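Novice: whatever this is, show me its structure:
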Amino acid sequence: MKRKRFSNTIFVLFVIAFIGIILYLNLNKEEKEPLDEQAQNSFFAEEEKESLEPIDWESLIPEIQTVIDEQLHKGMKIETLRPISISEEKDITGDGLPEALVYLGTGGAATDSFALARIENNKPVIAEFKEKNDNVSFLAFLSGTGGSGRYGLNVSLIEAENAICSTSFLAYQNESDYCRAEAYQWNSETKIFEFNTELSDKIRKDYCSNLCANIPLGMETYFQKICK
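Specialist: Numbering: from 1, shown residues only. Here you go, the predicted structure:
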């Protein structure tokens, strides 16, 4: 009788252990599958990027001239100073294809004008921007320094943030003085660069701090308002 009870106990323990092993294996499998799928997707995304044809932006300048006339500002004067050229290339959309900062060949007394071009359906287009007031439009950016160093503007492409940023300052020792940054981050769903308040504030702090730390000798008075 005791032997029979002992055998039954062993059998029950065996069944419990077997069920436990099955549950553990299934649970482990469920946890691993999403990771494997994620790794697989990441692998194929990298493979797709590597297989993309490189872009020769210089050869696309004639097409860029056309889309600038059609998209940027109809009737906008371009190439009044020099021919259109490619100023910088960086992938700021994360799709493996570099965008191009295009010099428009025009500008002000001490500034140059630029536009951002990207590839869509294998053709160059001018990038669209959603501004802080939610208005969607094409933008031109200015870069340069004037007024004997009392004003400056710059535009930069930031790969790490998938963004383009315009920074500027005005230092004439009056109420109109400012130091600011406007960053536009790529939205892969809307295919638009959208104004990003948090990123703009972060860049503005660094930009203005660096500006105030490097005021030219004898110009300190002009920067009092923006560097206080």
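Novice: how near is G108 to T145?
Specialist: 11 Å (Cβ to Cβ, to the nearest Å). C-betas here are computed from N, CA, C, even on glycine.
Novice: next, count neighbours for S59.
Specialist: 8 (other Cβ atoms under 10 Å).
Novice: phi first, then psi, for it.
Specialist: phi -70, psi -20 (degrees, to the nearest 10).
Novice: give the buried residues for the helix or strand where P124 lies.
Specialist: Using DSSP states H and E, P124 falls within strand 123-126. The neighbour-count check on strand 123-126 (16 or more other Cβ atoms under 10 Å) flags P124, V125, I126 as buried.
Novice: can I get these in a markdown table including pLDDT?
Specialist: Listed next are the buried residues of strand 123-126 as a markdown table, based on pLDDT from 0 to 100:
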| residue | pLDDT |
| --- | --- |
| P124 | 96 |
| V125 | 96 |
| I126 | 95 |
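Novice: hang on, I64 in a helix?
Specialist: Yes. According to DSSP: H, G, I helix; E, B strand; the rest coil, I64 belongs to a helix.
Novice: who's the closest residue in space to it that isn't next to it in sequence bridged to?
Specialist: Nearest-residue entry for I64: P124, 5.2 Å, with adjacent residues in sequence omitted and distances by Cβ to Cβ, 6 or more residues apart in numbering. Taking DSSP bridges as the rule, P124 bridges to I119.
Novice: right, and P124 touches A115 too?
Specialist: No. Between P124 and A115 there is no contact under Cβ atoms under 8 Å: 10.6 Å.
Novice: about what we covered before: comparing G108 and T145, which residue is more hemmed in?
Specialist: Legend: neighbour count by other Cβ under 10 Å for G108 and T145, higher for T145 (14 against 11).
Novice: need the three-state assignment for the more buried one.
Specialist: Strictly by three-state DSSP, T145 counts as strand.
Novice: how near is it to L211?
Specialist: From T145 across to L211, the span is 11 Å (Cβ to Cβ).
Novice: E63 too?
Specialist: For E63, the distance to L211 - Cβ to Cβ - is 38 Å.
Novice: looking at these two, which is more packed in?
Specialist: Neighbours of E63 and L211, each counted by other Cβ under 10 Å, are more numerous for L211; the result is 17 against 13.
Novice: might you report the residue contacts of the more buried one?
Specialist: F169, C179, F223, I226, C227 (Cβ atoms under 8 Å, 6 or more residues apart in numbering).
Novice: can you do 7 Å?
Specialist: Shown in contact with L211 (Cβ atoms under 7 Å, 6 or more residues apart in numbering): F169, C179.
Novice: in the host helix or strand of it, which residues are buried?
Specialist: Element membership for L211 (DSSP H and E) is helix 197-213. By 16+ other Cβ under 10 Å, the buried positions in helix 197-213 come out as L199, S200, I203, R204, Y207, C208, L211, C212.
Novice: domains of this structure: list them as residue ranges, please.
Specialist: Using automatic domain parsing, the domain ranges for the chain come out as 1-51, 57-223.
Novice: hey, least reliable of those domains by pLDDT?
Specialist: Lowest mean pLDDT within those: domain 1-51, a mean of 51.
Novice: from the chain's centre, how far out does the strand or helix carrying I164 sit?
Specialist: For I164, the enclosing helix or strand under DSSP H and E is strand 163-170. Here strand 163-170 is found 14 Å from its chain centre; the criterion is Cα atoms, centre = their mean, to the nearest Å.
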